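Visitor: pasting the sequence and the predicted model now:
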Amino acid sequence: MGSQSRPEISPWGRAAAGATGAVLANAIVYPLDIVKTRLQVQVRQQRVADQSITDTPHYSSTWDAISRIVAEDGIPGLYAGINGSLIGVASTNFAYFYWYTIARSLYVKSAKAHNSPSIAIELALGAAAGALAQLFTIPVAVVTTRQQTAHRVDRKSLFATAREVIEGPDGMSGLWRGLKASLVLVVNPAITYGAYERLRTITFNGREKLRPWEAFILGALSKAMATVVTQPLIVAKVGLQSKAPAARKGKSFKSFIEVMRFIIDHEGPLALFKGIGPQIFKGLLVQGILMMTKESACINHQPAILFFQPIKKAKANIMAKSKNSSQHNQWRKAHRNGIKKPKTSRYPSLKGTDPKFRRNHRHALHGTAKALKEAKEGKREVV
């Protein structure tokens, strides 16, 4: 890329850019997150009489869910648990982009590859980064899911909900419910970002800088592909992290396989894809906005770097002038004390010079410093 490539962004910079884009995107489409979560945890009613068993509302579609949530809880109902959700989104994406950038950089350096990594390598790197991110951030996801699926009268704050989970039958480990499913689900961001990088290579010949609309389209397409493949696992994970349905009489699920088996037995295999409409729509918007914002943020690092370069240069000049001034004052003091300035002092840099010349120069400077010290201590006669 040569001089045309943009300045290298540190893992912290890419992580911050990714987290910023994720928070912005999820804040915009958060009502869809509420809807898809409630659609995924509900159990389809087999008979009309079943509705009397529980007060839990049953939504027939995305629009039905939105309208009924607004009717019951008002507009704020569409933003229940948003604080915890955005904290989780920020931490997860920050951790993901940080580890992904480090893993990719290490691979490229170790492999000494001139071409972009293959799609298999991209998937593996994405999976490793996603697994590391999930280990640290899944407790927030558990608490947020509980908040999103709770009735308004039962809904608690972030910390109160976390305390409720800890005081439950699983204890502290309850905050990591669905960890296995989440670790399996690292294939989702792995597929997403692996497909994104591959589509970028194929479509735009690996171009470093993408226009916002290009990043949006690639992000949306890659997320749609990942969502279709992993939707059954997404539904199972939400079932694990939410309270047990009334049909299980309060008995919590122990594994995502158990959740999937329960859904198939009660609703059929197609129910493993329930909520896929808002899930895909949310994913399209979130991933599109995320990648667009991330690309813009990374590109905008360049003006920031260019902005700070003059400051760095000015600082270097000040330091150099200070050093030169100090050296000049030293020579003036030496001259006052009758010490001649060595001829080699006119060479500011000795790199690339003859070793003998450098040795003589060091000796001359050392001799001058020694003479100054002796003059100061009165051991040398001042002229």
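Guide: Thanks, I have the structure now.
Visitor: just the helices from this protein, written as ranges.
Guide: 11-28, 30-41, 62-73, 82-111, 119-149, 158-166, 179-184, 187-204, 212-241, 256-267, 276-336, 355-376 (DSSP state H).
Visitor: rebuild those as a markdown table, extending it with mean neighbour count.
Guide: From N, CA and C alone the C-beta is placed, and that goes for glycine too. Shown next, in a markdown table, are these (neighbours: other CB atoms under 10 Å):
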| stretch | mean neighbour count |
| --- | --- |
| helix 11-28 | 20 |
| helix 30-41 | 24 |
| helix 62-73 | 15 |
| helix 82-111 | 19 |
| helix 119-149 | 21 |
| helix 158-166 | 16 |
| helix 179-184 | 20 |
| helix 187-204 | 21 |
| helix 212-241 | 22 |
| helix 256-267 | 17 |
| helix 276-336 | 16 |
| helix 355-376 | 13 |
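Visitor: could you check how far Ala19 is from Thr149?
Guide: 25 Å (CB to CB, to the nearest Å).
Visitor: out of the helices of the chain, nearest to Ala247?
Guide: Taking CB to CB, helix 256-267 is the member of the helices of the chain nearest to Ala247, at 6.6 Å.
Visitor: so what's Gly275 up against?
Guide: The contact partners of Gly275, taken as CB atoms under 8 Å, 6 or more residues apart in numbering, are 35-37, 39-40, 235.
Visitor: next one: it from Ile34, what distance?
Guide: Using CB to CB, one gets 11 Å for the distance from Gly275 to Ile34.
Visitor: could you find the closest non-adjacent residue to Leu240?
Guide: Gly178 (4.0 Å; CB to CB, 6 or more residues apart in numbering).
Visitor: that older thread, got a markdown table for the helices of the chain, with mean pLDDT too?
Guide: Shown next, in a markdown table, are the helices of the chain (pLDDT from 0 to 100):
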| stretch | mean pLDDT |
| --- | --- |
| helix 11-28 | 76 |
| helix 30-41 | 88 |
| helix 62-73 | 89 |
| helix 82-111 | 83 |
| helix 119-149 | 83 |
| helix 158-166 | 89 |
| helix 179-184 | 83 |
| helix 187-204 | 81 |
| helix 212-241 | 85 |
| helix 256-267 | 88 |
| helix 276-336 | 61 |
| helix 355-376 | 57 |
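Visitor: any chance of those helices in TSV, with distance to Arg248 too?
Guide: Formatted as TSV, these follow (distance: least, CB to CB, whole Å):
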stretch	distance to Arg248
helix 11-28	30
helix 30-41	12
helix 62-73	22
helix 82-111	25
helix 119-149	14
helix 158-166	18
helix 179-184	17
helix 187-204	27
helix 212-241	10
helix 256-267	7
helix 276-336	23
helix 355-376	81
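Visitor: out of those helices, flag the one nearest Met172.
Guide: helix 158-166 (5.6 Å).
Visitor: spell out which residues sit in contact with the residue nearest to Leu240, please.
Guide: By CB under 8 Å, 6+ apart, Gly178 lies in contact with 138, 141-142, 237, 240-241, 256.
Visitor: from Ala16, how far off is the residue nearest to Gln241 when sequence neighbours are not counted?
Guide: Spatially, and ignoring its direct neighbours in sequence, Gln241 is nearest to Thr145 (4.2 Å; CB to CB, 6+ apart). Distance from Thr145 to Ala16, counting by CB to CB: 26 Å.
Visitor: before we move on, what about Pro76?
Guide: Separation of Pro76 from Ala16 (CB to CB) stands at 30 Å.
Visitor: surely Lys180 and Lys254 touch.
Guide: No. If you go by CB atoms under 8 Å, Lys180 and Lys254 don't touch, sitting 10.4 Å apart.
Visitor: against Ser85, how distant is Ile34?
Guide: Noted for Ile34: a distance of 9 Å to Ser85, by CB to CB.
Visitor: go on, Ser67?
Guide: Ser67 sits 22 Å away from Ser85, going by CB to CB.
Visitor: can you check Tyr107 too?
Guide: Separation of Tyr107 from Ser85 (CB to CB) stands at 32 Å.
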